[in-house]
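Asks: this is a predicted model, with the sequence first.
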Amino acid sequence: MAEGNVQKFPLNEDGTQEVGGVTGARIKSFIERVERLEDEKTALAEDIKEIYGEAKATGFDVKTMRSIVRLRKVDLEKRREADELLELYKAAIGME
């Protein structure tokens, strides 16, 4: 869009604008909160990576550990059902 076609809105005291009934300050607040959480998420992911690195250096299998972490998040009954289906499918194709 050409700069001449852009509608100008007056700036609030904090340097934001109100456009279509939505305040720039409110939107900016949401965006900044998400950005802070994204930064925290990145830091946590790095911490988790370090823990897996320590475990690997100690001789543990990280792939198996990740599987256990993922399984522990699943309800026991749903996990049992998934295990039974896996065994059924493996038997059906001759893996068991």
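Replies: That came through fine. Residues are numbered from 1 along each chain as shown.
Asks: and after the helix or strand hosting A45, which helix or strand comes next?
Replies: Element membership of A45, judged by DSSP states H and E, is helix 24-58. Downstream of helix 24-58, the first helix or strand assigned by DSSP H and E is helix 62-72.
Asks: by how many degrees do that next one and helix 24-58 diverge?
Replies: 130 degrees (axes from the mean of the first three to the mean of the last three C-alpha atoms, to 10 degrees).
Asks: give me the contacts around helix 62-72.
Replies: Identification of contacts with helix 62-72 by C-beta atoms under 8 Å, 6 or more residues apart in numbering yields Y52, A55, K56, R79. Heads up, the C-betas are built off the backbone N, CA and C, glycines and all.
Asks: mind listing what the last one touches?
Replies: Spelled out, that is R79. L71.
Asks: do that again at 10 Å, thanks
Replies: L71, R72, K73 (C-beta atoms under 10 Å, 6 or more residues apart in numbering).
Asks: state the pLDDT value of the last one.
Replies: We have a pLDDT of 96 for K73.
Asks: can you get me a residue count around it?
Replies: Residues within reach of K73, counting by other C-beta atoms under 10 Å, total 7.
Asks: got it, and the one 10 residues further on?
Replies: Other residues near D83 come to 11 when the count uses other C-beta under 10 Å.
Asks: the domain parsing of this structure - what is it?
Replies: Following automatic domain parsing, the chain resolves into domains at 16-60, 62-96.
Asks: what separation is there between L85 and E54?
Replies: To E54, L85 is 34 Å away according to C-beta to C-beta, to the nearest Å.
Asks: and the helix or strand of the chain with the lowest mean pLDDT, what other elements does it pack with?
Replies: Within the chain, judged by mean pLDDT, DSSP states H and E, the helix or strand with the poorest mean is strand 18-19; its value is a mean of 72. In this structure, strand 18-19 packs against helix 24-58, with contacts taken as 3 or more C-beta pairs under 10 Å, 6 or more residues apart in numbering; DSSP states H and E.
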